[in-house]
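Provided below are the primary sequence and the corresponding predicted coordinates.
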Amino acid sequence: MRIESFVDASRPSAAVTSLFALRDEAALRSFLGHPATADLWIRVDAFIGPHGHYVSDRPLVYRAASLSAE
């Protein structure tokens with residue numbers, strides 16, 4: 001597993017995005033179902049403040065070729 005965190009300071013209040021990279025979908029399901037994961041979200045919320053959690057099995061940011069220029 002790998003964890004990367006990014007801060008987006010382009011907004012009125014900075015946004016923190018953390019990416020959890022797991023080896024496969026089985027590892028993702030195991031991570032999400034583990035009792036310690038709920039405690040992790042509570043600890044993160046206590047550090048950052050209440051916020052939403054979003055889980056995706058696809059990239060959250062990607063290049064839009066039709067909107068890009070070389």
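Received it, and whenever you're ready, just let me know what you need. Numbering: from 1, shown residues only.

the worst-scoring helix or strand of the chain on mean pLDDT packs against which elements?
Lowest mean confidence among the helices and strands of the chain (mean pLDDT, DSSP states H and E): strand 15-21, at a mean of 82. When contacts are defined as 3 or more C-beta pairs under 8 Å, 6 or more residues apart in numbering; DSSP states H and E, strand 15-21 sits against strand 2-8. Where you see a C-beta, it was placed from the backbone N, CA and C, and this is true even at glycine.

what is the strand it packs on packed up against?
strand 15-21.

contacts for the strand it packs on next, please.
For strand 15-21, contacts defined as C-beta atoms under 8 Å, 6 or more residues apart in numbering pick out M1, R2, I3, E4, S5, F6, V7, D8, F31, V44, I48, L60.

burial measure for the first one, as a count.
Close neighbours of M1, defined as other C-beta atoms under 10 Å, add up to 9.

re earlier: and the least confident helix or strand of the chain, what's buried?
F20 (16 or more other C-beta atoms under 10 Å).

may I have the biggest helix by length in the chain exported as PDB, CA atoms only?
Ranked by residue count under DSSP state H, the longest helix found in the chain is helix 35-48. Only the C-alpha atoms of helix 35-48 are listed here, as PDB (Å, rounded to 0.1, in the frame of the first residue of the first chain):
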ATOM      1  CA  PRO A  35     -12.500  -2.400  11.800                       C
ATOM      2  CA  ALA A  36      -9.400  -0.200  12.200                       C
ATOM      3  CA  THR A  37     -10.300   1.700   9.000                       C
ATOM      4  CA  ALA A  38     -13.300   3.400  10.800                       C
ATOM      5  CA  ASP A  39     -10.800   4.500  13.500                       C
ATOM      6  CA  LEU A  40      -8.500   5.900  10.800                       C
ATOM      7  CA  TRP A  41     -11.300   8.100   9.400                       C
ATOM      8  CA  ILE A  42     -12.100   9.400  12.900                       C
ATOM      9  CA  ARG A  43      -8.500  10.200  13.500                       C
ATOM     10  CA  VAL A  44      -8.200  12.000  10.100                       C
ATOM     11  CA  ASP A  45     -11.400  13.900  10.800                       C
ATOM     12  CA  ALA A  46     -10.000  15.000  14.200                       C
ATOM     13  CA  PHE A  47      -6.800  16.300  12.500                       C
ATOM     14  CA  ILE A  48      -8.300  18.000   9.500                       C
END
